[in-house]
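Peer 1: would you be able to build a 3D model of this:
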Amino acid sequence: RVTKGFSGADITEICQRAAKYAIRENIEADIEREREREANPEAMEEDDAVDAVPELTRAHFEESMKFARRSVSDADIRKYAAFSQTLQQSRGFGSDFRFGDRPATAGGDGAAAGTPGAAGGAGAFAAPAEDGDDDLYD
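Peer 2: Numbering: from 1, shown residues only. Got it, this is the predicted structure:
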């Protein structure tokens, strides 16, 4: 794909640039219509509310992509992927993870030692007590 390896910020910049191209195109169309109206006021009897550039088009994005650049190199992506994998392994992610309302995926009560709710099995997302003491608005 065209945006492979682009970060979220890179894609945001592409979208913002495309929007600016559309706005610039719309302003230029407004100026041209105003010039035509001044040159021949009787001929211009169409609705002023018509937007000459009503949407972003593929052409706006293609123009924006001419100036697009990746802010993260392939080497950086490999480093982040290796770090992510190491971090997940060191935390034991995936081995005992479960949502509060589902049984554990790999033995035990579903909570890793030292995590919130490990002893009770309810986890950090347990439902509040029914007595209403945990309600912030009562």
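
Peer 1: hey, let's count contacts and neighbours off CA atoms from now on
Peer 2: Fine.

Peer 1: CA atoms of the lowest-mean-pLDDT helix or strand in the chain as PDB?
Peer 2: Across the helices and strands of the chain, the lowest-confidence element by mean pLDDT, DSSP states H and E is helix 74-91, at a mean of 89. Presented in PDB, the C-alpha positions along helix 74-91 are these (Å, rounded to 0.1, in the frame of the first residue of the first chain):
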ATOM      1  CA  ASP A  74      12.100   0.600   8.900                       C
ATOM      2  CA  ALA A  75      14.900   0.100  11.400                       C
ATOM      3  CA  ASP A  76      12.900   2.100  14.000                       C
ATOM      4  CA  ILE A  77       9.800  -0.100  13.300                       C
ATOM      5  CA  ARG A  78      11.900  -3.200  13.800                       C
ATOM      6  CA  LYS A  79      13.200  -1.800  17.100                       C
ATOM      7  CA  TYR A  80       9.700  -1.000  18.300                       C
ATOM      8  CA  ALA A  81       8.400  -4.400  17.300                       C
ATOM      9  CA  ALA A  82      11.300  -6.100  19.200                       C
ATOM     10  CA  PHE A  83      10.700  -3.900  22.200                       C
ATOM     11  CA  SER A  84       7.000  -4.600  22.200                       C
ATOM     12  CA  GLN A  85       7.600  -8.400  22.000                       C
ATOM     13  CA  THR A  86      10.100  -8.300  24.800                       C
ATOM     14  CA  LEU A  87       7.700  -6.200  27.000                       C
ATOM     15  CA  GLN A  88       4.800  -8.500  26.400                       C
ATOM     16  CA  GLN A  89       6.900 -11.600  27.200                       C
ATOM     17  CA  SER A  90       8.300 -10.000  30.400                       C
ATOM     18  CA  ARG A  91       4.800  -9.100  31.600                       C
END
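
Peer 1: so which elements touch the strand or helix carrying S64?
Peer 2: Using DSSP states H and E, S64 sits within helix 58-65. Secondary-structure packing of helix 58-65 (3 or more C-alpha pairs under 8 Å, 6 or more residues apart in numbering; DSSP states H and E): helix 8-39.

Peer 1: buried sites along the helix holding S64?
Peer 2: Judged by neighbour count (16 or more other C-alpha atoms under 10 Å), helix 58-65 contains these buried residues: H60, F61, S64, M65.
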